[in-house]
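S.K.: structure, please.
(one chain, ligands or ions: 1)
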Amino acid sequence: MPDFATPPISPFAIRFDAEAATLSPEGPTLERRMSDLEGLFADHDAWQAAVADGDPVVYRVQSSPVPEADRELPQSITTIERGTTAGECWMTKGHQHPNHQGEIYLALHGTGGLLMFDGDRVEWLDMTPGTIGYIPPGWAHRSVNVGDEPYSFLAVYPGGAGHDYGWVLEHGMGNRIHRTGDGFALRPYSA
Ligand SMILES: O=P(O)(O)OC[C@H]1O[C@](O)(CO)[C@@H](O)[C@@H]1O
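M.R.: Sure thing, here's the model as predicted:
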């Protein structure tokens, strides 16, 4: 499996294939299965049943070789499979940057959304191919697949930003995203 490069890194070109949703050269690929999303779906029994029933891959993150190290600027492509758990759309875990730094996402394929929460205000951005979603410092962020096919997006973020998953478990994300007969709906977090 490819590794991250070790700083100091010499300048290099990264081939971005938006159609194939790939970065080349490749760094590591992270796979998140249903079991990795413990405590995040509202219906714990449905989550547990999905884990028992094959523990499906919910999303994959393919990185370039640029590491998550201070002052570096890593990139990755995340692909979230289509699916729901008790009606809740499949999504990333979501995280806060512990030292509050911004980030951008560029939607590549499928239909998704970017849910952001600062502990008080909640924001939702529709993400369709070509949309850049800007995540300001201090906003926890989660991507959601609300469409009928896999949803892919490119992320570019400060390497020292970090991932605080505990913040999301403690504070929630403000809303939950449910599939409905004709699309999707944002519902209060407790629902
Ligand atoms: O870290 P999470 O919440 O599982 O989400 C994965 C996504 O977030 C990132 O860590 C960037 O914020 C990417 O690598 C990937 O797009």
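S.K.: which parts of this protein sit against the ligand?
M.R.: Within the chain, the positions lying close to the ligand (CB under 6 Å from any ligand atom) are R32, V61, S76, T78, T92, K93, G94, H95, E103, A155, Y157, H163. In this view, the C-beta of every residue, glycine as well, is placed from N, C-alpha and C.
S.K.: what residue, apart from its backbone neighbours, is nearest the third one spatially?
M.R.: Setting aside the residues directly before and after it, S76 is nearest to S63 in space (CB to CB, 6 or more residues apart in numbering), at 4.4 Å.
S.K.: thinking again about what came up before, narrow the residues of the chain next to the ligand to just the buried residues.
M.R.: R32, V61, S76, T78, T92, K93, G94, H95, E103, A155, Y157 (16 or more other CB atoms under 10 Å).
S.K.: contacting residues for A107?
M.R.: Shown in contact with A107 (CB atoms under 8 Å, 6 or more residues apart in numbering): M127, T128, P129, G130, T131, I132, G133, Y151, S152, F153.
S.K.: just the buried ones among the residues of the chain next to the ligand now: which is nearest M1?
M.R.: Ranked by distance to M1 (CB to CB), these are led by V61 at 13.4 Å.
S.K.: neighbours of the nearest residue in space to P56 that is not next to it in sequence, how many?
M.R.: Nearest residue to P56 in three dimensions, chain neighbours excluded: M34, at 5.6 Å (CB to CB, 6+ apart). Neighbour count for M34, taken as other CB atoms under 10 Å: 23.
S.K.: now do the phi/psi pair for M34.
M.R.: phi -50, psi -40 (degrees, to the nearest 10).
S.K.: per-residue confidence for it?
M.R.: pLDDT, M34: 98.
S.K.: cool, A191 as well?
M.R.: 53.
S.K.: if we can go back for a sec, who's in contact with the residue nearest to S76?
M.R.: F4, L23, E26, G27, P28, T29, L30, P74, Q75, S76.
S.K.: distance to L114 added to those, as TSV?
M.R.: Output for those, formatted as TSV (distance: CB to CB, whole Å):
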residue	distance to L114
F4	25
L23	20
E26	25
G27	23
P28	24
T29	22
L30	19
P74	18
Q75	17
S76	15
